[in-house]
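Participant: sequence first, then the predicted structure, then my questions.
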Amino acid sequence: MTQRAKIDTGDDTTAAPEPPVVHRVDGLTSAEVAERVARGEVNDVPLRSSRSTTDIVRGNVFTRFNAIIGVLWVVMLCVAPIQDSLFGFVIIANTGIGIIQELRAKKTLDGLAVIGEARPTVRRDGAAVEVSTSAIVHGDLIELGPGDKVVVDGEVAEADSLEIDESLLTGEADPVVKKPGDRMMSGSFVVAGGGAFTATKVGREAYAAQLAEEASRFTLVHSELRSGISTILKYVTWMMIPTALGLVVSQLVVKDDNFKDAVARTVGGIVPMIPEGLVLLTSVAFAIGVVRLGRKQCLVQELPAIEGLARVDVVCLDKTGTLTEGGMDVTELRPLGGADEAYVRKVLGSLGESDPRPNASLQAVIDAYPDNEDWRCTQALPFSSARKYSGAAFSEGNGESSSWLLGAPDVLLPAGDPALAEIDRLNEQGLRVLLLARTTRELDSADVARDVRATALVVLEQRLRPDAADTLTYFADQNVAAKVISGDNAVSVGAVAGKLGLPGAENTIDARRLPTEREEMATALDAHTVFGRVTPQQKRDMVGALQSRGHTVAMTGDGVNDVLALKDADIGVSMGSGSEATRAVAQIVLLNNSFATLPSVVAEGRRVIGNITRVATLFLTKTVYSVLLAVLVVCSQVEYPFLPRHLTLLSTLTIGVPAFFLALAPNKERAKPHFVKRVMRYAIPAGIVAGAATFATYLLARHHYSGAGALDAETSAATLTLFLVSMWVLAIIARPYTWWRIVLVASMGGAFLLVLVVPWLQDFFALKLVGTTMPWTAVAIAAAGGVVLEFAWRWVDRRFPA
């Protein structure tokens, strides 16, 4: 256990003793709640769903590159015409767009978070009421049932076979049986039984809240995209500093008679080195992804989870609540060994009444068999996913007493029991079968299930989700392996998977026979698709085994038995109707409980990642050719060929506008790793070709033109070459072509042509082609550069495969 855990659980002997906890059976009164709220003793915890408005504005405005560009913009406003300061207005517009899109995403996230928020049940004024987590106050009596999350620290007041899983906090896999007076830590959850506890620490004093303070929601899931962009920007910064200093010195020396023009051309060389739009576009793409998914009732609790799903190549599915709907129906009751059916119905009705928080199977029994009012429950054993059965002891009203178990037949009966053959036939039809068995042992005995007497079979029909088959087909088409991992009978699970057309369903594996060694388990998981009788710990181990083989694993689930696996998976997906615990640990919550939403989530992730990888090449090509041009200018001791207005125009037409459209286009390709390598392997050769071709045209133009206006003519020729080569890069990035991509590229070319032919635009951007020899030479050099680009692109694909 961590040092924090030791301190929080009272192991620090130097701490002052805490006053005894007073448990109020009826809970607090409304007046007492109001007093505590006034004193600030309320569960004011950090909101997980999104950043604050202040953080969003700060994150978009106060960036390293905005600071650099802001200083350069102020300089340009002082020494040059307004058209050389256009880049500053572009940055303001970009920042505004980024803030607006993130605020839209925040509004969507916060709205969905309210819908999906856990609402604990507390006792106030003697009545049980549901309140929001943030409305809990110190001293509240909070009721618990299976799947409930412990939302604040406290002390147990009531316990009815209460079993708590603290593995998310302590790493201890086995559930802890809690008794009155025991400590409860927020962040744990109920796996079986029920009870109530009194809140002793709320808000930021609570254990889980302290952990939340240390782990920002934006860093909970590893984002290769964000870390890759950060790496690129770090290297760009280090590369930019010496290059920019060299450019400043060289331009002041070369243009010693015109200080303002020297400053303008220096700034014109520094600004394009900064890939300022890359970070913005990444944020906007994520934010728009959140809004799009929000419209489908999909709550993204951690933004990088969108990226993670795009990289998923294995999705592990829990059967109940994922492939099948949550509810079930009793279709048949089969008494065994001559048992009286009327008596069996009484037992089942009483068993249903004994559990205040029934699971889906027991709820079906309750719906089918009414409570027997003559019987009184004297002891209850709540259902546990690890045990696979529940139980109760009754006083039958006639002086007789009996103890019963209801659960998995293959767990309660010994191997080879005659009843198992009949059960297998039912399971093969996709039916779920429960065994009602009588036991002579105490329910709290470790071997309560030994030597039980089989009394009846309860046959349940599971309703398949109508969209499950199409969703599984989608994953198969996208080369995402689907693994069904269920705690139910293996034969029944296989039959359900078979009905949905899942390949490999006929070779279902009983997880009790799976090897425990990770490598052997991974081999079995790679070879098979459907697994039954999986314990919660095995689900966790199976996720780890798949990850050990290099797989990116998504886990879906809705029950408390899925929590550990959801926590360890690369991406956890919970149903909105799932337990509080599963929704708390999942990165994505499907609030509409529709498994069919998953393809939309995967597609959105692939769109974001695939397109950002695509357009990042455009931004970094500009950085590479800007640095190369600056280095060549410094070494050659010539004037820098461009003013800021020229590169603002080129950046807008060949990068800014096209990148925005390309970043939001559909993209179904599965995201691949090594983001930095995949981007730089194209950006470096493309930037070198663009920079070399542009500088070659510039040098030729310097020899061709002379006299007044020569520098403007040289700049125009170099701009034409750089634009054409950049357009070629854009044309390559835009492949494969669709009608709108062709229109996009053609529109950018048309806009540049408009600047060249409209007189006032020529004057505004200081672009005017002089003569015919040099402009055609510029076109020829650009065409040669385009041919080199095509060969370089193909060579890179062969030499450095992604």
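Facilitator: Everything's here; your move. Residues are numbered from 1 along each chain as shown.
Participant: so how far is Leu293 from the residue positioned nearest the centre of the chain?
Facilitator: Centroid-nearest residue in the chain, with CA atoms, centre = their mean: Ala305, separated by 1.5 Å. Separation of Ala305 from Leu293 (CB to CB, to the nearest Å): 10 Å. To be clear about C-beta, it is placed using only N, CA and C from the backbone, and glycine gets the same treatment.
Participant: any idea which helix or strand carries the residue nearest to the centre of the chain?
Facilitator: helix 304-311 (DSSP states H and E).
Participant: so Ala393 sits in a strand?
Facilitator: Yes - assessed with DSSP: H, G, I helix; E, B strand; the rest coil, Ala393 lies in a strand.
Participant: name whatever forms a beta bridge with it.
Facilitator: On the basis of DSSP bridges, Ala393 is bridged to Gln379, Ser403.
Participant: I figured it hits Glu400, correct?
Facilitator: No - assessed by CB atoms under 8 Å, Ala393 is found out of contact with Glu400, at 11.6 Å.
Participant: more crowded one of those two?
Facilitator: Ala393 (18 against 9; other CB atoms under 10 Å).
Participant: tell me how many other residues crowd Thr95.
Facilitator: Thr95 has 17 nearby residues by other CB under 10 Å.
Participant: returning to what we had before: quick one: average confidence on the helix holding Ala305?
Facilitator: Averaged across helix 304-311, the pLDDT comes to 78.
Participant: for that helix, what is the distance to the chain centroid?
Facilitator: Here helix 304-311 is found 5 Å from its chain centre; the criterion is CA atoms, centre = their mean, to the nearest Å.
Participant: what packs against it?
Facilitator: Other helices and strands packing on helix 304-311, by 3 or more CB pairs under 8 Å, 6 or more residues apart in numbering; DSSP states H and E, are helix 224-254, helix 276-295, strand 571-575, helix 598-636.
Participant: now render the ones you listed as CSV, adding mean pLDDT, mean neighbour count and distance to Trp793.
Facilitator: Below are the helices and strands packed on helix 304-311 laid out as CSV (pLDDT from 0 to 100; neighbours: other CB atoms under 10 Å; distance: least, CB to CB, whole Å):
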stretch, mean pLDDT, mean neighbour count, distance to Trp793
helix 224-254, 79, 17, 20
helix 276-295, 78, 22, 21
strand 571-575, 86, 29, 33
helix 598-636, 86, 23, 10
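Participant: ok, which of those comes nearest Val314?
Facilitator: Smallest distance to Val314 across the helices and strands packed on helix 304-311 (CB to CB): 10.7 Å, for strand 571-575.
Participant: convert the C-alpha atoms of the helix or strand that the closest one is followed by to PDB, please.
Facilitator: Under the assignment DSSP H and E, the closest C-terminal helix or strand after strand 571-575 is helix 580-585. Only the C-alpha atoms of helix 580-585 are listed here, as PDB (Å, rounded to 0.1, in the frame of the first residue of the first chain):
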ATOM      1  CA  GLU A 580     -21.500   3.400 -10.800                       C
ATOM      2  CA  ALA A 581     -18.100   1.800 -10.500                       C
ATOM      3  CA  THR A 582     -17.900   0.900 -14.200                       C
ATOM      4  CA  ARG A 583     -18.900   4.300 -15.300                       C
ATOM      5  CA  ALA A 584     -16.400   5.900 -12.900                       C
ATOM      6  CA  VAL A 585     -13.400   4.000 -14.300                       C
END
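Participant: packing partners of helix 580-585?
Facilitator: Counting by 3+ CB pairs under 8 Å, 6+ apart, helix 580-585 packs on strand 189-201, helix 563-568, strand 571-575.
Participant: make it 6 Å
Facilitator: helix 563-568, strand 571-575 (3 or more CB pairs under 6 Å, 6 or more residues apart in numbering; DSSP states H and E).
Participant: helix or strand right after that helix?
Facilitator: Next in sequence after helix 580-585, counting helices and strands by DSSP H and E, comes strand 588-590.
Participant: direction included, what does that following strand pair up with?
Facilitator: Counting by DSSP bridges, strand 588-590 is paired with strand 298-300 (antiparallel), strand 571-575 (parallel).
Participant: re earlier: just put the helices and strands packed on helix 304-311 in CSV and tack on distance to Cys78.
Facilitator: As requested, the helices and strands packed on helix 304-311 are arranged in CSV below (distance: least, CB to CB, whole Å):
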stretch, distance to Cys78
helix 224-254, 16
helix 276-295, 21
strand 571-575, 51
helix 598-636, 22
